[in-house]
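Chemist: Structure, please.
(chains A and B)
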Number of protein chains: 2
Amino acid sequence: MDLRTRAAELDASDPLRETRDLFVPAGGGDDVVTAYLDGNSLGRPLRATAQRLDDLVRRDWGTRLIRSWDERWMELPTRLGDRLGEVCLGAAAGQTMVADSTTVLLYKLLRAAVAADPERDEIVLDSENFPTDRYVAEGIAAETGARLVWVEPAPEEGVTPEQVAAVVGPRTAVVLVSQVAYKSAWLADLPGITRVAHDAGALVLWDLCHSAGVVPVDLDEHEVDLAVGCSYKYLNGGPGAPAFAYVARRHQGRLRQPIQGWMGHARVFEMGPGYEAGTGMRSWISGTPPVLGMVGIEDTVDLVERVGLDAIRSKAAALGDFVVDVVDARLAAHGVRVVSPRDAQQRGGHVTIAHPRSREIYQQLWSEGVVPDFREPDGIRLGLAPLSTSYAEVAHALVRIEELLSC
Amino acid sequence: MDLRTRAAELDASDPLRETRDLFVPAGGGDDVVTAYLDGNSLGRPLRATAQRLDDLVRRDWGTRLIRSWDERWMELPTRLGDRLGEVCLGAAAGQTMVADSTTVLLYKLLRAAVAADPERDEIVLDSENFPTDRYVAEGIAAETGARLVWVEPAPEEGVTPEQVAAVVGPRTAVVLVSQVAYKSAWLADLPGITRVAHDAGALVLWDLCHSAGVVPVDLDEHEVDLAVGCSYKYLNGGPGAPAFAYVARRHQGRLRQPIQGWMGHARVFEMGPGYEAGTGMRSWISGTPPVLGMVGIEDTVDLVERVGLDAIRSKAAALGDFVVDVVDARLAAHGVRVVSPRDAQQRGGHVTIAHPRSREIYQQLWSEGVVPDFREPDGIRLGLAPLSTSYAEVAHALVRIEELLSC
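Modeler: Got it, this is the predicted structure:
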């Protein structure tokens, strides 16, 4: 069967086929976008978000003015955190908040974890972790004297419980791992690695940037200690939208973050002489939270709840399997390799393929409105955002790659 | 002359009378706002900003998608920083960036300043500084062993060069002062305090939250070392819009901030194994910058440039003098005191008045759409944002206060 026909059939029978139309159409005017495959870098805005942001600017900000802080914004970081935790993270209320950037939240949580026990001064992390995780850890090691203990995953894989078990010990303060590896999409064994860390008496800090909103996460069930993640990928918060942090309730009184600000104070508007940390997730907030960046997250969490995270995960798996099948059948002959796990159970929401000509092909694709991502040195990363990505888009991108390689 | 008539005449002859109409009208539908006097807590959105935000969501985010990072967003924090520096801060290009919150930027800069010289371990700050400045400094003192040296300004004033001179010395790392005190509006002697700090070999870190966009600041001319400020007051960036940081060029290679993230790296998308700080202000950025919050700042900076910061400063002074005159003539008899400096040269962009019944009066005012701020214990803070505040609004608020006190 012709690939485009097959894709059309898959789209027609896709249980999530109607959610695509909820997004602002990609491309517009003369700006043709025939396939957007980078929703794992920047998720698309929902139409509802565009409308609500305009309403927020004109009404909540423009006419209610400062009163909106009392009426809704002060509690937004924790209220949205609770919703996000409930719908996407398996986290009971009171353990998640939305603020800052992923980098800043990583800094706060990792600093807190490193300071938790003076006998423990090692941070375990892996070389395939996202750069900012590694850079934050490097900086903290330099300033606190903590030692970085590196795990080196096998090529094109991700970190395993066995690898972590081999390096954790009585000096391990915290294990810092991404649940979904940003390059390979390797889905780490969250329960297994968490258990290994705990068996060594260490904390675990999960980076959920590439899993929140596409892979079900059960933070409470697996007794995760700490987690951070970003909201502008599958959660469609928009460019530079705030990140989220999860701190398990049992650690909230015990761990302390370093950036003491007025918004984390127990009584924000008393403005008294000394800092007194607020209770719960309030104390993990530092400055004034970025309100505009929260609208898209709210809308996406509502949508995820409505269609169900399991349906989203199923479509991510099916889209990924579709890529793997097509690469095997048509692109492998041109030297394209699948770099991501072939087993959907072992893979997050994107598939990375590799070819020596990837950079050139990626540039050509962009020029014609086919938008995947490029990752050094030779990877084309196909982001498969289940709420907005169609099989037709994926098929079109793969057909174009095949045609370009045939030149 | 009747107060409202006098206000109408002042509005008619106001050189900035036409800028008010550039803002989204306060109040809307049934939501009556007769006087918005809190533009120094949350500045109002420009109509242009509302339109441009909608365009950004639908076009740059919604249709250009990830490509907008390459096309405009990656350089936005430093490009907007340069514009802000040039128009509002007296800072040549390459020394200002926009990102994070004021609290997080205070943390970064203060940590860098404290680490600059191991012989210097004292932070000088004043008890009238904004709470988050004090809390951040407290936190840094606790984690680094630095000592806080407090200056206590006279009641209803702010810190003076003489007070700073009395406490700085060979162990002073940095002097942290707000240029405009958040409660009293006391305008600190920026050149004088900077000189005193430098004479002692210390750095100075200015908090410009209540001055940026309303008080001309000459950072380069006075050889200021470091500055931070917020953008959601006179710069109309919107709720939780990102803050800005200034690091004098001579310190950029020497001082290091603690939160090493991917967006501060010398080559962001190489994603290599080790952190290498970018040059200039790039290295002071940590995570992905909040793009939506920058639109309002851009528009306001353009407007400030067009009408001139001196004209804005003049109107702030005139509005403040108007408040002082009316309080003296009509409210003093009811026990209202002017808490801010009476001399406009000594005062920022707001005027705080005090009365034992302030809290009750403030609540009544809010209920009828007259919106000043309340500050513990008994202050009503009248924010006078020159681009959007009319004399008529000020007169209406003062008339209502008089009427309420006459009950």
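
Chemist: Next, work out how far apart the nearest residue to A:R52 once chain neighbours are set aside and A:V98 are.
Modeler: Computed as C-beta to C-beta, 6 or more residues apart in numbering or on different chains, the closest residue to A:R52 that is not its neighbour in sequence is A:V295, at 5.1 Å. Just so you know, the C-beta spots here come from the backbone N, C-alpha and C atoms, and that holds for glycine as well. The gap separating A:V295 from A:V98 is 11 Å, by C-beta to C-beta, to the nearest Å.

Chemist: cool, A:V336 as well?
Modeler: To A:V98, A:V336 is 39 Å away according to C-beta to C-beta.

Chemist: higher neighbour count, those two?
Modeler: A:V98 (32 against 24; other C-beta atoms under 10 Å in any protein chain shown).

Chemist: Mind telling me what element that one is part of?
Modeler: strand A:96-99 (DSSP states H and E).

Chemist: packing partners for that strand?
Modeler: In terms of contacts (3 or more C-beta pairs under 8 Å, 6 or more residues apart in numbering or on different chains; DSSP states H and E), strand A:96-99 is packed against helix A:76-84, strand A:243-247.

Chemist: just checking, next helix/strand downstream of it?
Modeler: The C-terminal neighbour of strand A:96-99 among helices and strands, as given by DSSP H and E, is helix A:102-114.

Chemist: close to chain B, is the next helix or strand after that next one?
Modeler: Moving toward the C-terminus from helix A:102-114, the next helix or strand (DSSP H and E) is strand A:122-126. No - applying C-beta under 8 Å from any C-beta of the partner chain, one finds strand A:122-126 separated from chain B by no less than 11.7 Å.

Chemist: And for whatever residue of the stretch 251-400 of chain A ends up closest to chain B, the neighbour number?
Modeler: Scanning the stretch 251-400 of chain A for the residue nearest chain B gives A:G287, at 2.6 Å (criterion: C-beta to the nearest C-beta). Residues lying near A:G287 (other C-beta under 10 Å) number 27.

Chemist: Now do the domain split for chain A, please.
Modeler: When chain A is parsed with automatic domain parsing, its domains come out as A:3-46+A:308-406, A:74-305.

Chemist: okay, those domains, which one's buried deepest?
Modeler: Compared across the domains of chain A, domain A:74-305 shows the largest average neighbour count, a mean of 22 (mean count of other C-beta atoms under 10 Å in any protein chain shown).

Chemist: can you list the residues of the stretch 301-407 of chain A near chain B?
Modeler: Within the stretch 301-407 of chain A, the positions lying close to chain B (C-beta under 8 Å from any C-beta) are A:W366, A:V371, A:D373, A:R375, A:E376.

Chemist: which two in those are spaced the farthest apart?
Modeler: Taking C-beta to C-beta as the measure, these span a maximum distance of 17.9 Å, between A:V371 and A:E376.

Chemist: ranges for the helices of chain A?
Modeler: A:3-12, A:47-55, A:67-68, A:76-84, A:102-114, A:131-144, A:161-165, A:190-199, A:295-307, A:309-326, A:358-367, A:391-406 (DSSP state H).

Chemist: so which of the ones you listed comes closest to B:K108?
Modeler: Here helix A:102-114 is closest among the helices of chain A (C-beta to C-beta), at 9.5 Å.

Chemist: Tell me what angle the closest one forms with strand A:243-247.
Modeler: Per axes from the mean of the first three to the mean of the last three C-alpha atoms, to 10 degrees, the angle that helix A:102-114 makes with strand A:243-247 is 20 degrees.

Chemist: Let me see the mean pLDDT of helix A:102-114.
Modeler: Averaging pLDDT along helix A:102-114 yields 98.

Chemist: Take that helix, keep the C-alpha atoms, and write them as PDB.
Modeler: C-alpha atoms of helix A:102-114 as PDB (Å, rounded to 0.1, in the frame of the first residue of the first chain):
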ATOM      1  CA  THR A 102      13.900  23.900  34.400                       C
ATOM      2  CA  THR A 103      17.500  25.000  34.900                       C
ATOM      3  CA  VAL A 104      16.700  27.100  38.000                       C
ATOM      4  CA  LEU A 105      14.500  24.400  39.500                       C
ATOM      5  CA  LEU A 106      17.100  21.800  38.900                       C
ATOM      6  CA  TYR A 107      19.500  24.000  40.700                       C
ATOM      7  CA  LYS A 108      17.200  24.500  43.700                       C
ATOM      8  CA  LEU A 109      16.300  20.800  44.000                       C
ATOM      9  CA  LEU A 110      19.800  19.500  43.400                       C
ATOM     10  CA  ARG A 111      21.300  21.900  45.900                       C
ATOM     11  CA  ALA A 112      18.700  20.900  48.400                       C
ATOM     12  CA  ALA A 113      19.500  17.200  47.800                       C
ATOM     13  CA  VAL A 114      23.200  17.700  48.100                       C
END
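
Chemist: Okay, now the sheet partners of the strand holding A:V98, with direction.
Modeler: strand A:243-247 (antiparallel) (DSSP bridges).
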